[in-house]
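*Asks:* Output the structure for:
(chains A and B)
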Amino acid sequence: MRIRILIHFLLSLCVLCCAMPTLVGAMGQVAVMPVQDLSQGEYGVNMVMTGQLHQRLTAKGIDLLAPDEMMAFLVRNRIRTLGEIETRNLRKLAARTEVTYLLLSTITQSRQSKDYALALNMHLVQVDNGTTVWSTSIHGSQADEKHLFGLAEPDTFAAVENLVLDRLLAQWPATLILKGAPPSLAPLIEVAYLSADRLQPGEIVSCRIKLNELRTPRPQTKVELLVAGKAIATRFRADQNDYVSSWPAPASDGHYQVHLLRDGSQSSVRRQLIGSFVVDSKPPQLALQLKGQERRGKIVLQNKVIILPRQQNFEPITRWQLAVQSDGGNQILQAKGQGGLPERLAWWGQEKNGALVEDGYYEVVLEAWDAAGNKGQIANTIRVKRSPPEVEIALHRKKQAVEVRLGYDGDIALEQWHVELRNEYGVLLLTEGGTELAESQVVSVDVPPLPGDLHCQLNARDVVGNELSTSVVMAGNAKPTPVKGQGLFMAQGGGESTDLALNEVWVEDF
Amino acid sequence: MLFWILLAGCGGKDPYLLGHHDADALAACTIAILPLQNKSSYPQGHEIIGHILFNELVQTNQYYLALRGDVQKIYHQLRIRPWMTPTPEQLRIIADRLGVEALIGGEVLQMKEQVSQGQVTTELKIQIRVYNGHDGTQVFACYHARKGQDYRKILHFGLFNTISALSEKVIQEILELWKEKQLLPCQG
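*Replies:* Sure thing, here's the model as predicted:
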C-alpha cells in the first residue's frame, strides 16, 4: 500500500515537474543581437545602441556573450536580417555556446530632431526551445518629460537615449522562468519546398523536405508524399540531410495538395499538408479593344489609336507582349512587361525610330502568359490612312453658267468640304460647302460670258483628319477634265488640250 | 471606400469588432503573428505594430508565440510576399508547420505623427484579424482608431507624444477587449 502511495506521489511529482515551468534564481548567459533599427529601414542596424546596451547590461552584472563571438556566430550562419532569427539558429547557438537567452531588440522609433524621441522594443528568447520568456516596450520623448520650470528635462537626443536605457535596466527581470515550450511549437519540418505552384500537365514537380533532426532521427524515418491519392517515394540525401522527390504533374487540370507521410503511413496522425500546386492547361482568355474611328469594321488611325488589353478570366498573368505587325508580317513595334496586363497603350502610327508608317493595314497582336506558362493570343487590325481624301473636281463652262462638278467615293467619310469660285479679279462668284458629298455632285452659278480665267478652290477634310486643299484654274473658254487621284488635273477645251495651272496641297494632322 | 467611411463612423473610443457574435471565440495557447500589411504612408508602420503586438501578447503570460523568423521562413518557402494575404489553405499550412492554434494578421490603415510648434499629434487606425489555425478561416477581426489627443487629461498631461506609445496603448486596448469578451482564451 505504502509503495503504491509512494509511486503515486513520485509520478505526480514528475508530472508537476514536467508541466510547471522551472524557476531559475540567477539568469544564465545572454547573447545580445545587434539592435535592429526600423528608423533606418527594414534592414537597418544600430551598432551604437548595441554597444550601449552591452555596456549597461554588463555594468548591471548580466553575464553576456562577447560581442565578437556573437558577430562570428551571425556571420557563420549567414544571419543578415536581425528580426528574423529562426528556431534552427537558436539551436545552433545553444549547441555552440553557453548562452541561455538571446536578447532581440528593435528601435521602433527614433526622432533625432526637435522633440527628441526614442522607442525600444525588446524580448528575451530561450535558446533551447525558442520560447519568448520576457518582453518590454520602452519609450521616451522630450514632450513626455515636461516638468515645472523645465527642470531635469532631457534636451538632447543622447539624454533621451539615456532615459530609455535607464528605464530598460529598471525593468530588466531579476529572475526568469525557464519555460518548457509545447512540443508542437518545435517545427517538425525545417524546409518544405515545392518547385512550382502553377504548372502545365506533365511538367515535373520537385519537392525538397528537411526535417527537424531533434524530432525525427534520420535516416530511419521513411518519408513519402501523397499527391492525388498516390504515394510518391522520396530519396534521402545524406550530404544535404534532406529528402527529395520529383514526379510529373497530373494530366487533368485542378488543384492538388501535397501531404507529407512520415514512416510511409497514410494514417491521418502522421499526415501533414505541406503545400499545393495547380495544374493548368488553359491559356489566359484575352480581349483587345481598340479605340478610334471605325470604318467598315476596321479601326482607322486618327493621330493615335488607344489599345485596351483585357483579360476575360481570372488568373494571374506573369508577362505580356504586344506587337504591331505590317500586312507582310514585319514587326513594326513591340512592347512587353512583367506582371498583369497594362491598363492602356497608345500607338501613334510610328515605327521604333519614330518614322511614320505607310498607309495600309496593321495587326496589333497581344500575347500573355499565365503562371503555368500557357500562352494566350489575340489580334486586331488597324488601318492607317494619311493620304488626303480623293475628291474629284471638274469645271464646265456653259453659255451663261459655270458648273463645278464634285465627286467622292472614298470609304472614309468626309467631315467637311468647301468650294469657292472666283474670277480673275478675285470676285467671289460661288461658295458652297457641306458635310456630305455624293459620288457626283454638281454646283453651278450663273456667270456672264467672260474672257478671263476662273479660279476654283476646294478644301476637304475626312473624319480621320486628312485634309485636301486644291485649286483649279480654268482659262477663258477652257474645259477641264478631272483625272481621278491626286496630283494631275488636265484641262481640255474645244478638242485642243491645254495645261491647267494646278496647285494642290494636302496636310496631315498629327 | 464606403466601407471605410462607414467604419470610421463606428470608430469610438473602444475597439470595434467586425462580424463578431458570441460563438466567435477561439481557444488558443500557441499563436503566430503574420507579417502585417502597411496601408499607411508611415515607413515601417507594419513592423512597428508587429513588434508591439508580439511584445504585448508575450506580456499576457498566456501564450506561446512562434518566432518571427520561423514565420518568415515559411512565407518564403510558400512564396507568399509579406504584403499578401495568405489563402486559407496557406494559413492552414503555416499553422500546421509552426504548430500553432491561432494566427494573427492585419493591416495598418493609418499611422501619423506630426511635430509642429512644439506639439506632437499622433493618430493610428489598425485592423487586427485572428485566423483559426486548423482551417485557415478568419474567426474575428478588430478595428481600432485612436488619436494621441483622445487621452488628454489636462493641459499636455495624458497626451501620447510618440506613435510607438500610442501604438502600444491601442494594442493594449484591443487585447483588453479580447480578454473581456473571452475571444482568444488559453485553456491549457
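*Asks:* can you map out the strands along chain B?
*Replies:* With DSSP state E as the criterion, chain B has strands at B:16-18, B:30-33, B:37-38, B:64-65, B:102-116, B:119-132, B:138-147.
*Asks:* Dump the ones you listed into TSV; add mean neighbour count, mean pLDDT and distance to A:Ile299 as well.
*Replies:* To be clear about C-beta, it is placed using only N, CA and C from the backbone, and glycine gets the same treatment. Formatted as TSV, the strands of chain B follow (neighbours: other CB atoms under 10 Å in any protein chain shown; pLDDT from 0 to 100; distance: least, CB to CB, whole Å):
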stretch	mean neighbour count	mean pLDDT	distance to A:Ile299
strand B:16-18	16	72	48
strand B:30-33	24	95	53
strand B:37-38	20	95	41
strand B:64-65	26	92	60
strand B:102-116	20	92	43
strand B:119-132	22	92	46
strand B:138-147	20	90	47
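*Asks:* Lowest-scoring secondary structure element of the chain by mean pLDDT?
*Replies:* All of this refers to chain A. Using mean pLDDT, DSSP states H and E, strand A:490-493 stands out as the lowest-scoring helix or strand of chain A, at a mean of 32.
*Asks:* which residues touch the most centrally placed residue in chain B?
*Replies:* Closest to where the C-alpha atoms of chain B average out (CA atoms, centre = their mean) is B:Ile128, at 3.6 Å. With contact set as CB atoms under 8 Å, 6 or more residues apart in numbering or on different chains, B:Ile128 has these partners: B:Leu53, B:Ile104, B:Gly105, B:Gly106, B:Ala141, B:Cys142, B:His144, B:Ile174.
*Asks:* so where's the longest helix in chain B?
*Replies:* Assignment by DSSP state H gives helix B:163-181 as the longest helix of chain B.
*Asks:* Quickly check: that helix near chain A or not.
*Replies:* Yes. Helix B:163-181 reaches chain A (CB under 8 Å from any CB of the partner chain) through B:Ile163, B:Ser164, B:Ala165, B:Ser167, B:Glu168.
*Asks:* Point out where the stretch 401-510 of chain A drops to low pLDDT.
*Replies:* A:447-451, A:477-510 (pLDDT under 70).
*Asks:* can you pull the buried residues of stretch A:385-401?
*Replies:* A:Lys385, A:Arg386, A:Pro388, A:Pro389, A:Val391, A:Glu392, A:Ile393, A:Ala394, A:Leu395, A:Arg397 (16 or more other CB atoms under 10 Å in any protein chain shown).
*Asks:* all strands of the stretch 101-250 of chain A, in order?
*Replies:* A:117-126, A:131-141, A:176-178, A:189-194, A:198-199, A:204-211, A:223-227, A:230-233, A:235-237, A:242-248 (DSSP state E, counting those that start in this stretch).
*Asks:* Could you say which of those is packed most deeply?
*Replies:* strand A:117-126 (a mean of 25; mean count of other CB atoms under 10 Å in any protein chain shown).
*Asks:* show me the contacts for the most centrally placed residue in chain A.
*Replies:* Geometric centre of chain A, nearest residue: A:Gly339, 4.8 Å, by CA atoms, centre = their mean. By CB under 8 Å, 6+ apart, the contact set of A:Gly339 is A:Ile317, A:Thr318, A:Arg319.
*Asks:* Could you work out the most separated pair of the contacts of B:Ile128?
*Replies:* Greatest spacing in these, by CB to CB: B:Gly105 and B:His144 (15.0 Å).
*Asks:* Point out where chain B drops to low pLDDT.
*Replies:* Looking at chain B by pLDDT under 70, you get B:1-13, B:19-23, B:152-158, B:188.
*Asks:* check contacts around the most far-flung residue of it relative to its centre.
*Replies:* The C-alpha centroid of chain B is most remote from B:Gln117, which lies 31.5 Å away (CA atoms, centre = their mean). Contacts for B:Gln117 (CB under 8 Å, 6+ apart) come out as none.
*Asks:* what do you get for the one 5 residues further on?
*Replies:* Applying CB under 8 Å, 6+ apart, one finds that B:Thr122 lies in contact with B:Lys112, B:Glu113, B:Lys147, B:Gly148, B:Phe160, B:Asn161, B:Thr162, B:Ile163, B:Ala165, B:Leu166.
*Asks:* Against chain A, how distant is it?
*Replies:* Separation of B:Thr122 from chain A (CB to the nearest CB, to the nearest Å) stands at 10 Å.
*Asks:* Can you tell me, leaving aside adjacent residues, what's nearest to that residue?
*Replies:* B:Gly148 (3.6 Å; CB to CB, 6 or more residues apart in numbering or on different chains).
*Asks:* Count the neighbours of the one you found for me.
*Replies:* Each residue near B:Gly148 was counted by other CB atoms under 10 Å in any protein chain shown, and the total is 24.
*Asks:* for it, what are its contacts?
*Replies:* B:Gly148 sits in contact with B:Val120, B:Thr121, B:Thr122, B:Glu123, B:Leu159, B:Phe160, B:Asn161, B:Leu166, where contact means CB under 8 Å, 6+ apart.
*Asks:* could you measure it against A:Phe157, distance?
*Replies:* From B:Gly148 over to A:Phe157 the distance is 21 Å, taken as CB to CB, to the nearest Å.
*Asks:* try A:Asp144
*Replies:* 14 Å.
*Asks:* More neighbours: the two, which one.
*Replies:* Each of A:Asp144 and A:Phe157 has its neighbours counted (other CB under 10 Å); A:Asp144 has more, 20 against 16.
*Asks:* show me the contacts for the more buried one.
*Replies:* With CB under 8 Å, 6+ apart, A:Asp144 has these contacts: B:Asn161, B:Thr162, B:Ala165.
*Asks:* Just the buried subset of these, please.
*Replies:* B:Asn161, B:Thr162, B:Ala165.
*Asks:* Now for the residue nearest to the first one when sequence neighbours are not counted: which residues touch it?
*Replies:* Spatially, and ignoring its direct neighbours in sequence, B:Asn161 is nearest to A:Ala143 (3.7 Å; CB to CB, 6+ apart). With contacts defined as CB under 8 Å, 6+ apart, the neighbours of A:Ala143 are A:Asp115, A:Ala117, B:Gly118, B:Gln119, B:Val120, B:His156, B:Leu159, B:Asn161.
*Asks:* now do A:Thr108
*Replies:* Contacts of A:Thr108 by CB under 8 Å, 6+ apart are A:Leu38, A:Ala119, A:Leu120, A:Asn121, A:Ser137, B:Glu47, B:Ile48, B:His51, B:Ile52, B:Ser164, B:Ser167.
*Asks:* in chain A, which spans are helices?
*Replies:* So, for chain A - with DSSP H - the helices run A:2-19, A:47-59, A:67-76, A:87-96, A:157-171.
*Asks:* what's around A:Asp253, how many residues?
*Replies:* Neighbours of A:Asp253 using other CB under 10 Å come to 14.
*Asks:* List phi and psi for it.
*Replies:* phi -60, psi 150 (degrees, to the nearest 10).
*Asks:* still on that earlier bit, from B:Leu18, how far out is the residue farthest from the centre of chain B?
*Replies:* Taking CB to CB, one finds B:Gln117 at 37 Å from B:Leu18.
*Asks:* Setting aside sequence neighbours, what's the nearest residue to residue 80?
*Replies:* Looking at chain A here, since you left the chain open. Closest to A:Arg80 by CB to CB, 6+ apart is A:Tyr43, at 7.5 Å.
*Asks:* other chain: chain B
*Replies:* Per CB to CB, 6+ apart, closest to B:Ile80 is B:Pro86, 5.3 Å.
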